[in-house]
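Engineer: Sequence and computational prediction follow.
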Amino acid sequence: MSNKKIVAICASISFYKEVVEIKNKLVEMGFGVRIPELARIMEESGNFDIETHRVKFYGKNFHLRKGEEMRRHFEAVAESDAILVVNKPKNGVEGYIGPNVLMEMGIAFEHRLPIFILNPLDEQANFADEILAMEPVILAGGLEKIYGQVC
């Protein structure tokens, strides 16, 4: 059994290329890393085109398959030692965190896991109060604080 600390990465599908880059950095730092299944498939193919993969991955039963994948990543979060939220500008919001990532953060919060957020929050964004109530550590782009607080 490994003593590696496990970090689950949570992000909008729009950020999966960055998720893979960050995963690789965390692995180099000695962490085990869990990423969403679709991010893993995109990494293996080298293709990060969202629409191409959305059709192939989710198929005709989009909502059913998406629900299965949500559950899978919720379990990954619950079984991790911490989560890292990758938040970047999207839809006119700096540091975008969408509803699915907010749910993943809720799982981490319930399990009393450290929550790290890569970039500063847009404090005017939807559910900023709820996010701040979870007392996340804002990394301001660097990953070093994760090692200090998780290991």
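Structural biologist: Everything's here; your move. Numbers count the residues shown, from 1 in each chain.
Engineer: now Met134, nearest residue through space, not along the chain?
Structural biologist: Nearest residue to Met134 in three dimensions, chain neighbours excluded: Phe109, at 4.6 Å (CB to CB, 6 or more residues apart in numbering). Glycine gets a C-beta too; all of them are placed from N, C-alpha and C.
Engineer: what's the burial count for the one you found?
Structural biologist: Residues within reach of Phe109, counting by other CB atoms under 10 Å, total 17.
Engineer: Please apply the same query to Val27.
Structural biologist: Val27 has 13 neighbours, counted by other CB under 10 Å.
Engineer: can you pull the pLDDT of Asn126?
Structural biologist: What the model reports as pLDDT for Asn126 is 79.
Engineer: can you pull the buried residues of the longest helix along the chain?
Structural biologist: Ranked by residue count, the top helix of the chain under DSSP state H comes out as helix 62-78. Buried positions in helix 62-78, judged by neighbour count with 16 or more other CB atoms under 10 Å: Glu69, His73, Phe74, Ala76, Val77.
Engineer: State the pair within these that is farthest apart.
Structural biologist: Using CB to CB, the pair of those lying farthest apart is Glu69 and Val77, separated by 12.7 Å.
Engineer: what helices or strands is the helix or strand of the chain with the lowest mean pLDDT leaning on?
Structural biologist: Ranked by mean pLDDT, DSSP states H and E, the weakest helix or strand in the chain is helix 50-58, scoring a mean of 75. Where contact means 3 or more CB pairs under 8 Å, 6 or more residues apart in numbering; DSSP states H and E, helix 50-58 is packed against helix 37-45, helix 62-78.
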